[in-house]
Structures are given as structure tokens and as C-alpha cells.
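Q: 3D model of this:
(chains A and B)
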Amino acid sequence: MRIIIVAFLVFTSVFMVQCNSGKEAEDADIYAGMEFRTRIRMRQYMVQGQQLYQIHCANCHGDDGKGLGKLIPPLAKADYFLQDLTRAICISRNGIKGSMLVNNIEYNQQMPDHKDLTALEIAEIITYASNSWGNVSGLTEVKEVEAVLNNCK
Amino acid sequence: MKRLELLLALMILGVACTQTLPENKLPVLGRTQLVERIENGKVFYDTLPHTVKNFAFVNQDSVIVTNQTFDNQVYVADFFFTTCPTICPKMKKEMLRVYSEYETNPEVGILSHTIDPTHDTVAVLRDFAERLGVSSDKWHFVTGDQDAIYDISESSYMVTAASDPNEPGGYIHSGAFLLVDKERRIRGVYDGTVPEQVDLLIKDIDKLLKETQG
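A: Residues are numbered from 1 along each chain as shown, chains lettered A, B, ... in the order given. As a prediction, this is how the structure comes out:
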């Protein structure tokens, strides 16, 4: 009986260690090579960004960032989004109309504007979305967003 | 040996219990109607269940969709509009799960009414359905007279749909999915934006299909 209990404990502890290391590895990718301060800030942005994403973005782009059919484009592994975060910042604030090509699929659904979002909120959302679901784009800081927003077309 | 017998007895009991349990049926929702009927000079009162009244709308293929379209089907109804910036994409994502679950089952249909017929023409609905990747003989996106759509939403399906300039997108509407049986009766109401509710809907559709089979 004692052997069984010991075996069980060993098994569960091995299992738990494996799970934790998996999580660490996932985290490590998006924080790789960052300075301590940047890493802390990035973590804050990710937490805030997730909450804001749920409120303002997830209805259409989905909790998983996969969008909806050929109606709403994905954000996860999406070239249109990741290749030009400056453009994405402007779209977050001002919305967009007309046809666009995302991962070689044509989408044509109007996205509403979000004039109520502050530069900080947009920075947090962009940081969250560009570092989730396999995306790895580093931190988008509020200063960058402020500068971009002043020059949106 | 005794232990084995006990185990066996318990197993038999378990089987017996699951077999004798009555199948719990889904409720019939809505207000019943009392109707007077005179037969051979005697007055009878019939209690009629709430049913979906007659309708005729046009779907994404310009085909007229009526109650008869769903004669041998249970169906799920909802209200949406294609330019809706709030709950609709979530509803459509969830409805897509219902669609995939019953894609090959001819006894299940889906009926999505647009509440913005001015913008959502047949052509717009067709493009919408194609982009969603669904076929029209299973999932009908219908448009029609705005008043007729608002009226059927409230009188038959008991949900809200109306234009409201203060709402994002310009319309106020419920995110409900309504489950309708083959006798036009409403058998369930589910929040189409909540995945757990849609899981329940799928379970209830199975239950409803069994009910009509036997």
C-alpha cells in the first residue's frame, strides 16, 4: 500500500513539474532577451491588455484571436496585423472600411472605431494581441502609440 | 464471494434504475390560449400551446422561407444584423457550432432573421453566408418587411428586436437562440453569446429529436 502511495506521489510531482515547465517555456518566448524593467512592464501590459481585449475586441476577433470565417479576420498569426503594428494602432482607434487581404484571404467587413480608447489602453491591447496565440512581437509602449495616433490618416 | 454478489446486485440495480427513469421532456414555453369549441351542442374548452405564427420571408438564395420550410425539422431561430459590432459575431460563432453539429442531420434547421432589412438585402445575406461558409438548405438567413420581422420576434419568439439610434450599430436586439419543435412550439431559450448555454442547446436538440422519434 505504501509503495502505491509513494508511486502516486512521485507520478503527480513529475506531472506537475512538467506542466509548470511547459508554462514557463511559453512565457519565456515572448519575454525573451528583455531587460528586467521591460519585462515587468510587459507583464502589466499583458494583464491589462487581456481584460481590455475581452471588452473591446473579443466579440468579433474571438477569445482565440481566430476571427470568424471569412467575415472577420484573425489576429493570431495574421500577416496584415503583425507586419504593420503602426497601421494596427490606427485601426484600433479609427476603425476601417473596405477590402483587405489577411493571410491571402479577402475580408470586407467594416470595423467600428474606438474613439473612447486611450493611448495607454491601445498600447496594452496591441501588446496583448501581438504576443498571444503564438504571436511574438514584443512590447508596444504608450509613447510609441501616442506618436502614431497623432499621425493616423 | 459475498462482495462479488453485492457488486453484481448493485450493477443490476444501476441498470434497472437508468432504464426505469422517465425521460425528462423539454417544457413548452409561452402563454397557453383557451379556445372555445362547440361539438354536438356541447361546449368544450381546449388549451392551446403558444406557437410560432405564419410567416414568409426571403432567404439568401431569394427563396421564400415559411413555416412549411421547417415542417419536418426542429429549428433554432435568432435575430441579428450583418453590420452589428457587438454581440452578433459571437452569436454567429456559437451558431456555427450548432450548424457543424447537425450539418448532416436533415431534421435540424437554423433560421437567422436580419433586423436591418434596409441594409441586409438578399445579396448582402448571400455574401455573409458564403463568408461564414454555410449552406442555405440548412441555415437560412432571411430578410423581409421590417415590421413583420419585429412583430414575429416579439409575438412569436418572445424576444426584443427594434431600431434604437442610441445603441452601437443602431439596433437593440436580444442575443437569444430559440429552439422550436416540429409543432411550431418554443421549447427552449438560450443565450447565444454564452458557450455553456449553447452546449445546453445542443443537448436539448438531441433530447427533442428523440422525443419526436418515439
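Q: so who does B:Pro168 touch?
A: A:Pro112, B:Pro85, B:Thr86 (C-beta atoms under 8 Å, 6 or more residues apart in numbering or on different chains). Backbone N, C-alpha and C define where each C-beta goes, glycine included.
Q: Need the residue closest to the centroid of chain A.
A: A:Ala129 (1.9 Å; C-alpha atoms, centre = their mean).
Q: Quick check, pLDDT for that one.
A: For A:Ala129, the model assigns a pLDDT of 97.
Q: what bits of chain B have low per-residue confidence?
A: B:1-23, B:214 (pLDDT under 70).
Q: and B:Ile205, backbone torsions?
A: phi -60, psi -40 (degrees, to the nearest 10).
Q: Can you report how many residues neighbour it?
A: 23 (other C-beta atoms under 10 Å in any protein chain shown).
Q: measure it to B:His50 for me?
A: 20 Å (C-beta to C-beta, to the nearest Å).
Q: Could you do B:Lys93 as well?
A: Going from B:Lys93 to B:His50 by C-beta to C-beta gives 30 Å.
Q: of the two, who's got more company?
A: B:Lys93 (24 against 17).
Q: tell me the contacts of the residue nearest to the centre of chain A?
A: A:Gly49, A:Tyr53, A:Cys57, A:His61, A:Gly65, A:Leu75, A:Phe81, A:Asn135.
Q: what's the next secondary structure element after the worst-scoring helix or strand of chain A on mean pLDDT?
A: Of all helical and strand segments in chain A, the minimum by mean pLDDT, DSSP states H and E falls on helix A:2-31, at a mean of 58. With elements assigned by DSSP states H and E, the helix or strand that comes after helix A:2-31 is helix A:36-56.
Q: Report the mean per-residue pLDDT for that next one.
A: On average, helix A:36-56 scores 94.
Q: Sort out which residues of it are buried, please.
A: A:Arg41, A:Met42, A:Tyr45, A:Met46, A:Gln48, A:Gly49, A:Gln50, A:Leu52, A:Tyr53, A:His56 (16 or more other C-beta atoms under 10 Å in any protein chain shown).
Q: Check stretch B:163-172 too.
A: Neighbour-count burial for stretch B:163-172 flags B:Ser163, B:Gly169, B:Gly170, B:Tyr171, B:Ile172 (criterion: 16+ other C-beta under 10 Å).
Q: Helix or strand: which one has the nearest residue in space to A:Lys66 that is not next to it in sequence?
A: Counting by C-beta to C-beta, 6 or more residues apart in numbering or on different chains, A:Pro74 is the residue found nearest to A:Lys66 once chain neighbours are left out, at 4.9 Å. According to DSSP H and E, A:Pro74 maps onto no helix or strand at all.
Q: Surely A:Pro74 and A:His61 touch.
A: Yes. In this structure, A:Pro74 is within contact of A:His61 by C-beta atoms under 8 Å, at 7.1 Å.
Q: so what sits against both of those two?
A: With C-beta under 8 Å, 6+ apart, A:Pro74 and A:His61 have common neighbours A:Gly67.
Q: wait, B:Leu208 sits on B:Val180?
A: No. B:Leu208 is beyond contact range of B:Val180, at 9.3 Å (criterion: C-beta under 8 Å).
Q: ok, the two, which is more surrounded?
A: Between B:Leu208 and B:Val180, counted using other C-beta under 10 Å, the more crowded position is B:Val180 (25 against 21).
Q: Beta-bridge partners for the more buried one, please?
A: With DSSP bridges as the criterion, B:Val180 is bridged to B:Tyr75, B:Ile186.
Q: Around chain B, pick out the residues from chain A.
A: A:Ala58, A:Asn59, A:Cys60, A:Gly62, A:Leu68, A:Gly69, A:Lys70, A:Leu71, A:Ile72, A:Gln110, A:Met111, A:Pro112 (C-beta under 8 Å from any C-beta of the partner chain).
Q: Pick the one among those closest to B:Ser136.
A: Taking C-beta to C-beta as the measure, B:Ser136 sits nearest to A:Gly69 out of the residues of chain A next to chain B, at 15.0 Å.
Q: Relative to B:Cys84, how far out is the closest one?
A: Distance of A:Gly69 to B:Cys84, computed by C-beta to C-beta: 15 Å.
Q: returning to that earlier point: what subset of the residues of chain A next to chain B is buried?
A: Listed as buried from the residues of chain A next to chain B are A:Ala58, A:Asn59, A:Cys60, A:Gly62, A:Leu68, A:Gly69, A:Lys70, A:Leu71, A:Ile72, A:Met111, A:Pro112; burial here means 16+ other C-beta under 10 Å.
Q: Among those residues, which ones are in strands?
A: When strands are assigned by DSSP state E, not one member of these lies inside them.
Q: hmm, back to that, make TSV out of the residues of chain A next to chain B and add distance to B:Val108.
A: Putting the residues of chain A next to chain B into TSV (distance: C-beta to C-beta, whole Å) gives the following:
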residue	distance to B:Val108
A:Ala58	28
A:Asn59	26
A:Cys60	27
A:Gly62	24
A:Leu68	21
A:Gly69	20
A:Lys70	24
A:Leu71	23
A:Ile72	25
A:Gln110	32
A:Met111	33
A:Pro112	33
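Q: Stretch B:88-106 near chain A at all?
A: Yes. Judged by C-beta under 8 Å from any C-beta, stretch B:88-106 comes into contact with chain A at B:Pro89, B:Lys90, B:Lys92, B:Lys93, B:Leu96.
Q: Name the SS class of the last one, please.
A: If I follow you right, that is B:Leu96. Put simply, B:Leu96 is helix when judged by DSSP: H, G, I helix; E, B strand; the rest coil.
Q: okay but it is in contact with B:Arg131, surely?
A: No. B:Leu96 is beyond contact range of B:Arg131, at 11.7 Å (criterion: C-beta under 8 Å).
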